[in-house]
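K.L.:
Fold the following, please.
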Amino acid sequence: MLTSTVCAAVSAAGLAIAAITAYRKRFLAATRIAAFSLIPIGLVMTGVIDWVTNIVFKPTVWAGFGVLAISVVLFMISRMVERRRGGTGGRKERKAAAAAGAGVVAPAASAPSLTTGRGAAQPAAQPAGKAKAKGGAPKDDFSDIEAILKKHGI
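P.N.:
Modelled structure (predicted):
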C-alpha cells in the first residue's frame with residue numbers, strides 16, 4: 001500500500017515537471033520526462049512492485065540467496081583447487097595414454113621431416129604402378145593437396 005502511494009506520487013511529480021517543460025516549449029524533453037514518470041505507476045498497476053517488495057522483505061528469500069552464494073563460492077573453490085592439482089585425478093591415465101600413443105602413425109604415412117623450408121628432404125618417388133590410374137589421371141583425389149604440402153616441405 002505504501003509503495004503504491006509513493007509510486008503514484010513520483011509519477012504525479014514527474015508529470016507536473018513534464019507539463020512545466022512543455023509550457024516552456026520544450027516538447028521533446030517534456031515527452032521524455034512524461035514517459036519516465038509513467039514507469040513507476042505502470043509497475044504498480046502490473047503488480048511488479050508488490051512482487052519485488054515481497055522478495056525484498058522476506059527473510060526466507062534472503063536465506064535462499066545466501067545458500068546460492070555459498071554454493072557458487074564452493075564451486076569456485078573446487079575449480080581453483082582442481083586447476084592447481086592439474087586435473088580431476090586421471091592424470092596418470094592420461095600420461096600413460098600419451099606415452100603409448102606417441103609412436104602411433106598411420107600405416108601408409110611417411111616419416112616426418114626434421115628440416116623445414118628449402119632444405120627439406122625430398123619425398124621418395126612412388127612406384128610406377130601406383131602413380132597413375134586409367135587415362136593418365138592421378139589415382140587418388142588428393143594429388144593437388146599433396147602437391148601443396150610438398151611445395152611447403154611438409
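K.L.:
Identify the residues contacting stretch 52-72?
P.N.:
Here stretch 52-72 makes contact (C-beta atoms under 8 Å, 6 or more residues apart in numbering) with Thr3. Where C-beta positions appear, they are placed from N, C-alpha and C, glycine not excepted.
K.L.:
any idea whether Lys25 is helix, strand or coil?
P.N.:
Put simply, Lys25 is coil when judged by DSSP: H, G, I helix; E, B strand; the rest coil.
K.L.:
pLDDT value on it, please?
P.N.:
For Lys25, the model assigns a pLDDT of 92.
K.L.:
Tell me how far it lies from Phe36.
P.N.:
Going from Lys25 to Phe36 by C-beta to C-beta, to the nearest Å gives 20 Å.
K.L.:
Look at these two and report which has more neighbours.
P.N.:
Comparing Lys25 with Phe36 by other C-beta atoms under 10 Å, the one with more neighbours is Phe36, at 14 against 8.
K.L.:
Ile145 looks like it's in a helix, true?
P.N.:
Yes - if the criterion is three-state DSSP, then Ile145 is within a helix.
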